[in-house]
Each structure stands twice: as structure tokens, then as C-alpha cells.
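> based on what follows, work out the 3D shape:
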Amino acid sequence: MAKLVVQVLDANDLMPKDGQGSASPFVEVHFDEQRQRTQTKTRDLNPQWNETLVFNVEDPRDLPNKTVAVVVYNDQKGSHGHHNSFLGRVKISGAYVPFSEAEAAVQRYPLDKRGLFSHIRGDIALRIYAVLGTSSYQPPEQLQQQHVSGLDGKESLFEEIKANFKLDDEYKGMNENNKKKKKEKPVRAFYSVGTGTGTGTGGGGPAPGPTPAMEKPPPVETRADFARAGPVSRPMHMQFPGQRPEFDVIETRPPVAARMRYRAGDKMASTYDLVEPMQYMYVQIVKARDLPVMDITGSLDPYVEVKVGNYKGVTKHLEKNQNPVWNSVFAFSRERLQANVIEVAVKDKDMITKDDFVGRVLFDVMELPVRVPPDSPLAPQWYKLESKKAEKINRGEIMVAAWMGTQADEAFPEAWHSDAHNISHQNLANTRSKVYFSPKLYYLRVHVIEAQDLVPSDRGRQPETYVRVQLGNQARITRPSKMRNVNPVWNEELMFVASEPFDEYIIISVDDRVGPGKDEILGRMIIPVREVPHRLDSTYKLPDARWFNLHKPSHLEEEREKKKEVKFSSKIHLRLCLDAGYHVLDESTHFSSDLQPSSKVLRKPSIGVLELGILSAQNLLPMKSRDGKLTDAYCVAKYGNKWVRTRTLLDTLAPRWNEQYTWEVYDPCTVITIGVFDNAHINGNREDARDQRIGKVRIRLSTLETERIYTHSYPLLVLSPSGLRKHGELQLALRFTCVAWVNMVAQYGRPLLPKMHYAQPISVTHMDWLRHQAMQIVAARLSRAEPPLRREIVEYMLDVDIHMWSLRRSKANFHRIMSLLSGISAICRWLNGICNWRNPLTTIVVHVLFLILVCYPELILPTIFFSLFVIGLWNYRFRPRNPPHMDARLSQAENANLDELDEEFDTFPTSRPTDIVRMRYDRMRSVAGRVQTVIGDLATQGERALAILSWRDSRATAIFIIFALIWAVFLYVTPFQVVAVLSGLYLLRHPRFRRKWPSVPVNFFKRLPSKSDMLL
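The predicted structure follows:
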């Protein structure tokens, strides 16, 4: 028989219950009508039991449907019952119990309340796993993986759908078994994710007996990032239906100032309250003067070496300079200080022999002043250089400032850090934190009207002319003119994306299509973008169209250089303007971070402030394992036109950034995106090396409560051709502060985009093309910064490939539609149950309510709106506590076929072999055939509705109009309330008076003709 093993290890920070500030806790574990308990730990709020409890499992296949209940009580002698001694409980679903001891890890679960007014705190450490006997049982997860792995690329779509239906039948069978069981009170279940890579000894041995011997439990893992500066974080993992627990958002409690309240005298808490304070020792090397000559040639190549223990920072050496200026700042982490003395030494760079020692200055670490912003910067001072024997001879002076500070210091972003001691000065810039701003973008409208007096080379042939317009890397052409003469007319509008500072040129040429693949330029002109007039919105008049001279390409430069008399030339009629009333989209509107128009005049005032604290990451995967290194991680956050980049932390799987940033918020229905990347440009790698993706987080501001501090751990999920992988967790702190409540509420009634998008809308096809061009401009501009925000980062943050075809996304959208329709079907089933008198009491209540509303029709609308109010108020109890995150199950990423993923990540155009492309094309035809059938069925129903009065079926139309006349007379002579009562009672009649076959109106409608029989 299979066994369930529950190891109760310890608890932490329990609630005192004995009236003397303590408690005597013990644990009771309930499973499948079995109950066991641990020993009592007297007067201990942090007890350690280290006991193992074993339960019998009758049917391992039914384990996912069971629940393990762990309850902590306070042992009070003489008390009747446990109501007054309740300390907390945890409900753990059996679906996530591993089936081997090797896969079991120690998990910390927050204790849950029993009621709304319970006072519970603390958490408990458990290790739970199942041990199977000799049966050949396989867990449901393994069965599902076998189904998924069996769907290879050569399998037809029918077999794949059949396998999915088989899985659905298994889940339906499990749900039916649950319904047959005894109904229990629904309790919220917690599922926790291990903070480490998993513990446990290898291999499963024989099943333990009913009274197992005490074994030494594995050590309980804690979160190292929070344990250093405060109490251990308590993750609370909320489980949603069908969601794997390791892909969920976990609530954490880091020791940030905003959560721990502000302490007196803590200046940093007012500005940097969403991150943990990190102490640094700063040494600023400004300059030196009157340095002695050390070389035989009479020159000096000085540099400064700052040494603290084994950490050593070096400035650049300046050739032949006795009064050098460095202006360099060095930051040493206080946690890693290995000495109490700072040595600032000036040396002479020698290319052949050992560098010469010039002089040094020593500082005592314990005597350094403490500086916290908003204090002014510490003023550097002159210090005389000493020899190694502390002799102050004429060795010159050096200007130095040294102080203790935090990451809130202004010197932090540009400082050299001790954890980057092996990075050269050239690559050091790639590790620094920076703030970027996207260029301001505008839509350029070019209205090509007509041309006159064109001069083709072959005057005996009618020209086939079109206009080509180019702006930077953007090029578009008009349709060929229908008037094939020397005065063509196009009257076509083209749109482009232009960016400030408008240093580009618009190149317009009129081409003649002489033959296939052969064009002749009839004229060309160049217009600077800065000369194009602006238009704010649709209320302003468009600029007047102008005639421009067209020049031959060979004489274009001569015409620009030599200002000759104006001779005969061809003309083109154009209207140009820069539309500042649009918002230039560079990301999808579904998760856009900015919806403001290009013009500052049209922008609304801000409604609040968004503060983001990027704390740390945990359990990252080694991205440089081939090079014998771990991961060089940094974060990028994007909201609006502001991008931020954290400092790169080298060679670590648990980086701690603790950097805080702020954005102004203009619209609550926007999204902030945070991505984590591995830096591939810190050791002199080639320029074409790409920073690898570690994961991305999206948070919608409208889902955040104002003034609330959100501290959560988000899973970093990356979808690759090999499948979905979790690369670690990202710890974030968020706070949305509203400063204008009236404006924020009014924002929900305003259009999502500026009014220009509705007054003069842009087609969807053009919008997608313009979005791609805007992304290219943003990526090109940010890649020229220092350090550059490279193209692969911008593309990943902006989801440039979101509109590409993906069978996985198509399935996800189909399931989204089905989930919406399931609500409608649930209402229909409820109405059907009322009509069939499944619950007589409910049906009688509906009859009474129906009669009241018929007698008093003025109560219909108030009843509807009051019902909506009550439903919304009732659902407030079940509102989501955590910010929403990317759902792997909703995205159909967990069970995606490898061939589907390979197709999704394929290039455009495809680079796969012909047989694979043919197989995918056949699969797409099969899917499209089903879509085509559904669309045809919808068209059939609509055509039947139109055929009622179209006399296509003369008998059906005659029957309908005769019944329409009879009903018109009947409704005229009968009061409306009588008709409503009769109709309602007929619909709600008892099943004894019903028939199982369809009603007469349904039969009549299905017999009406459609146009499906007219298709070839």
C-alpha cells in the first residue's frame, strides 16, 4: 500500500495564546479521515518538532483529489475543544505532492486564518511526499507529459485533438468523482515553491512503517536576500485553478522602510523606502598636484590605486602629467570589507619594469563620516602623500574624499564597484545603471496629389508612373496612376514615423515603370523634415498643398550648389504635415505603457506617481556555464518613454540590486514591463554578441490599489524552441500613489487613445507597419547611448513579434473565447434548470419575482442595477490580492508541441526544409477548415433570418406573415401585462407539460433556406 509521509520540521513567529506572551504549540495533520499529532513544545513561539507522520493512501490515483490539512494548536490543559487555542492552519492539495523522496523539498507555508477576525501569524516548515509500493502507478503529471511528448511534428492534427480530448475526459472524470464525494466546506489552499534547488536523499526505499524511527531532517532553506537585513521572508503562494505552483506570484515581506515604518532619523526612508539599504564606502579621487618625476626621461605617468583588503581599484594612467585630474569614484560594499584601513597610493606607470611608488595616504574606515542624501556632496580635501615609512617628503598632494553612504548616493551610478574589480575601464561602462528616454515620435503625412509636365525618355510610349517616398530607412510607393500621360494624378496619402530633432530628409521621386524590374526616374526632390509644418489635432486646418520642382537625379547636386535662374522643370503637387495629435505606438495597445499624444500642448496633467523597487533575483540559471561562469544579470524597466537599466552584477545566481525608480503616471490603464537579461559585453566580447533573455514581468497599473505597497516574487518564464523554462524569480516592490483622484476617475470615461485616432483613424494594416517602424527608430536611438540599450533588448521589451502567426497563441485565444462563452452557457443552464424545476424552491421564487416585475414594470431597471451592485459587493471578498502575471496555462505554453514552438520561432520568410513546411501547411489547412466550417454555420443562421421575409421559400414567408398578422391583432386587444404573464408561465411550465423534441419556432427556423446550397 502507498504511504503519504509528512515531515513536520518547525514553525516560526507564532501568535502568543497563553496570556503570558508565549504558547505551547503542537501540530495535527488530517488526511483522508486519518489524524495524527506531534508532541507539544512548551512555551515556545519558534518550536522545532522534527517529527515524521505517515498515512495510508488507499488509491494513489485519487491522491490529486485529496487535501492534506495541517493545523497548529496551543496545548491548554483543561480547555474543552480547540477553538480558543487555534494558532493557524495550512491546506495542501495532493495534486502537488511528489511521488518520490528525492523530489521532495522543504517548503515554508504561511499559516492561514480560520475566520475573518482571527489573529494569526507565522509560518510552518513541512516536507511532504508519497512513497509508492510495487504498483506500476504513474502520477497524472507524467501521464500528461507522455501525451504531450507523443505529439511530434509529423502527427496529424486529428490525433493531437484526440489526445487533448482524452486529457479533458480524464479531468472530467476526476471532477465527477469529486462531486460524488461528501461535500466539504471550501477552504483556500496554499501551495509553496521551494526557495532552493531541492533537497532530499536519493532513491526511494521501502515504505516506512507505521511508527518510523526519528531521522535527522534536512536543513530548512531560507531566503538569503532578506535574511541579512531583517527577518526571514514569508512567501504566501496563492494557487489558481490549473496553474502550476512554480509559475505563480509569491508575496514576500522584505525589510524595506515602507513596510517597517519610518524610524526616527532615517533620512533615506523618505525617498528610498522600497528597497533595502545597502551600505557602501565611497572613495573619490579628484586630482593631484606637484607630483615628483620618477622616470629617467623626466616624465611621470601617474595613476591611483585604492586598496581595501584584497579589493583594489585603479584609475586610468595619464601620460606625462605631474598635475593629473582623474575625477573617479570607487565604491566598496561594506559587507565585504576586509580591512579597517584604506590605502590610496599614487604610482607611476612603467611599461617595462615594475611600476614606481610615488606616495600614499591612509584612512581609517571607522573614522569616515556618514553621508545620506539629501545632504550635499562631501567636499574633497588635499592630503600630502607619504612614503611607505610614513615620511612626508616632497611627494606632492592628492585631493581625496572618503565617506560612508548607501545606494541612494549620487556617486553610486558612475562609481567603480568592488564586485567588478576584474573589468577593464573600457568595459566598465557596460555594467553601470542608466536612465534612457525614447525619442519623441510624430506621424508624417505625405499627400501625393498630382504631377505635371513629366519628361519621359521615350516620348512615344505612355508612361506608367508612380511616386516613391523615402524617409530614412522607411520607403513607400503609391499605386501607378490610372492616367497614363505626362500629367498623372494619384491623390494618395502615405504616412511615416519621424523623430526629433528632425535631422532627416524626405526624398520624393517620380518613377516610370518601363518594363518588368526596370524603372526610370523622371524626377526627384529632397525636403528637410524640419521644414514640414505641424498640425496639432483634427480641429486645425491641414496645411495648403504646394507645388515643388522635380530635378533630374544627375543634376540634383548641381542645382543645389549652383543657384542658377529657374528654368523649365517638372512639377509635383504635395501636401506635407507632421501630425502631433496622434500617439505614435511603438508597442501593442493591449499592454501599452504610454497613450499620450506627441504634442505637449495636448497632454493631460499627471494623475499619480509609480515607484518601482528592483530588489533582487533568486535561483537564476547559469547562462555562461560553457565559459565556466554563472550569470551577469541586469534589469531593464520600461514605462512611457522612460527606460531604466540597473547595474550589472557579475557572476552570481542571486543578484541584489536594490535600486528604486520613479515614473509619472498619466493613465491608470497602462502596463509597466520589467525584463532581466544576461550581459554578454563585459569581457571584451565581439560587438555582435547578443544579451540573453532571462525573463520578463508585466504589471498593469489599474490592478494596483493606491498607496498599497506590493512586494512579490515573480517567476521569470522564457518560451524557447525547446519549451517553457523558468529561469528564476525576480523580487519587486511597487507602489502607485494617486495625486488627482478626480482626474483618475474621469480618465475611465475618456477615449483610450488621443482624439486624433478617432477623428482621422489609421487602418490596422498601416498601424502595424507604422508600429514596426517606430520600434526600429527607438531601437536605433537607444543603441547609440552609452552604455547601449541593444536592439535585442528593445525588441524583447516591446514584443515586436507579438503579431506573428503562432498556433500556440491561436489555441490560447480560442480557449479565451470558450471561457467567455462558458459564462453564457452557465446562465443558460441555470435558466434551463429553473424551467425544468430541478430546484422547486428556486423556481417558485423566480415565479414570484417574475409576477412582481410584470405587475410593477418600473422596478425592472432598478432591480437589475441593484443586483449588479450586490454581485459586485459580494465579489469584493474574492478580489485578487496579488498583481496578475503571465499565465503559462492560459498561454498554452506548458503543453505546447515542440513542432509548434519551432514554427513560432521560425524566421520570416521560413528557413525550414520543404517537407516540414509542407506538413505545417497541411496542418494549417486542417485548422482553417474547421474555422471555415464555423464561419459557414454562422453565415447560415444569418441567411435564414434574412430569408423569413425575402420570399425565397414562399410557403414559409406566407405562414410567417399570417402569424404576424394574427399576433398583431392579439397583442393589440390584449393588455401587455397579460401577454407577459402568459409567456413567462409558458416558459417556466413544469416538465410534465414539456416535450423532449424542439419547439415549433425552432423547427420553423431550421427549415428556412440559406445560400449554402448555392456554393460551388
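
> what's the nearest residue to residue 437 if we skip its chain neighbours?
residue 641 (5.5 Å; Cβ to Cβ, 6 or more residues apart in numbering). Bear in mind the C-beta positions are built from the backbone N, C-alpha and C, glycine included.

> give me the neighbour count for that neighbour.
17 (other Cβ atoms under 10 Å).

> isn't it right up against residue 438?
Yes. When contacts are counted by Cβ atoms under 8 Å, residue 641 is listed as touching residue 438 (4.2 Å).

> am I right that residue 956 sits in a helix?
Yes. Assessed by DSSP: H, G, I helix; E, B strand; the rest coil, residue 956 belongs to a helix.

> from memory it sits against residue 950, does it?
No. Using Cβ under 8 Å as the test, residue 956 is too far from residue 950 to be in contact (9.9 Å).

> what about the two, which has more around it?
For residue 956 and residue 950, the more surrounded residue by other Cβ under 10 Å is residue 956, and the numbers stand at 20 against 12.

> and the more buried one, what is it in contact with?
947, 948, 1004, 1007, 1008, 1009 (Cβ atoms under 8 Å, 6 or more residues apart in numbering).

> hmm, which of those are the buried ones?
Of the members of those, the ones counted as buried by neighbours, 16 or more other Cβ atoms under 10 Å, are 947, 948, 1004, 1008.

> so where does residue 578 fall, helix or strand?
In this structure, residue 578 sits in strand 570-579 according to DSSP states H and E.

> what's that strand packed up against?
On a contact count with 3 or more Cβ pairs under 8 Å, 6 or more residues apart in numbering; DSSP states H and E, strand 570-579 meets strand 441-452, strand 505-515, strand 518-528, strand 534-535, strand 546-550.

> so residue 636 versus residue 652, what's the distance?
Remark: distance between residue 636 and residue 652 (Cβ to Cβ, to the nearest Å) = 18 Å.

> more crowded one of these two?
Using other Cβ under 10 Å as the criterion, residue 636 and residue 652 rank with residue 636 on top: 23 against 15.

> pretty sure the more buried one is in contact with residue 644, am I right?
Yes. Using Cβ under 8 Å, residue 636 makes contact with residue 644 at a distance of 7.1 Å.

> quick one, helices of the stretch 1-150 of the chain?
140-149 (DSSP state H, counting those that start in this stretch).

> where does pLDDT dip in it?
Applying pLDDT under 70 to the stretch 1-150 of the chain flags residues 77-84, 116-117, 133-150.

> the same query, at a cut-off of 50, please.
78-82, 134-150 (pLDDT under 50).

> widest-spaced pair of the buried ones among the contacts of residue 956?
947 and 1004 (11.5 Å; Cβ to Cβ).

> just to revisit the earlier point, out of the contacts of residue 956, which comes closest to residue 706?
Among the contacts of residue 956, and counting by Cβ to Cβ, the member closest to residue 706 is residue 948, at 53.8 Å.

> next, the contact list for the closest one, please.
956, 957, 960, 1008.

> backbone dihedrals for residue 953, please?
Phi and psi for residue 953, reported as degrees, to the nearest 10, are phi -110, psi 100.

> what about it, how many residues close to it?
16.

> give me the nearest residue to it, chain neighbours excluded.
Nearest to residue 953 is residue 1009, by Cβ to Cβ, 6+ apart, at 5.2 Å.

> SS state for the one you found?
Quick answer, by three-state DSSP: residue 1009 is coil.

> that one against residue 950, yeah?
No. At 9.0 Å, residue 1009 does not count as touching residue 950 under the criterion of Cβ under 8 Å.

> now the contacts of residue 956 as JSON lines including distance to residue 616 and pLDDT?
Listed next are these as JSON lines, based on distance: Cβ to Cβ, whole Å; pLDDT from 0 to 100:
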{"residue": "947", "distance to residue 616": "67", "pLDDT": "90"}
{"residue": "948", "distance to residue 616": "67", "pLDDT": "91"}
{"residue": "1004", "distance to residue 616": "68", "pLDDT": "90"}
{"residue": "1007", "distance to residue 616": "69", "pLDDT": "88"}
{"residue": "1008", "distance to residue 616": "66", "pLDDT": "90"}
{"residue": "1009", "distance to residue 616": "68", "pLDDT": "90"}
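
> which two of the residues you listed have the greatest separation?
Longest span within those, Cβ to Cβ: 1004 and 1009, 12.3 Å.

> end to end, how far does stretch 455-470 reach?
22 Å (Cα to Cα, to the nearest Å).

> now do the buried residues in that stretch.
So stretch 455-470, judged by 16+ other Cβ under 10 Å, has buried residues 456, 463, 464, 465, 466, 467, 468, 469, 470.

> what about that stretch, average pLDDT?
Mean pLDDT, stretch 455-470: 87.

> got the contact list for that stretch?
446, 448, 451, 454, 475-481, 484-486, 488, 490, 492, 494, 496, 506-514, 520, 522, 570, 572.

> out of these, which are buried?
446, 448, 451, 454, 476, 478, 480-481, 486, 488, 490, 492, 494, 496, 506-512, 522, 570, 572.

> need the contact list for residue 837.
Residue 837 touches 843, 990, 991, counting by Cβ under 8 Å, 6+ apart.

> what about the residues you listed, which are in helices?
residue 843 (DSSP state H).

> just the buried members of the contacts of residue 837?
Here, 16+ other Cβ under 10 Å leaves residue 843 buried among the contacts of residue 837.

> lowest-confidence member of the contacts of residue 837, which is it?
Per-residue pLDDT puts residue 991 lowest of these, at 80.
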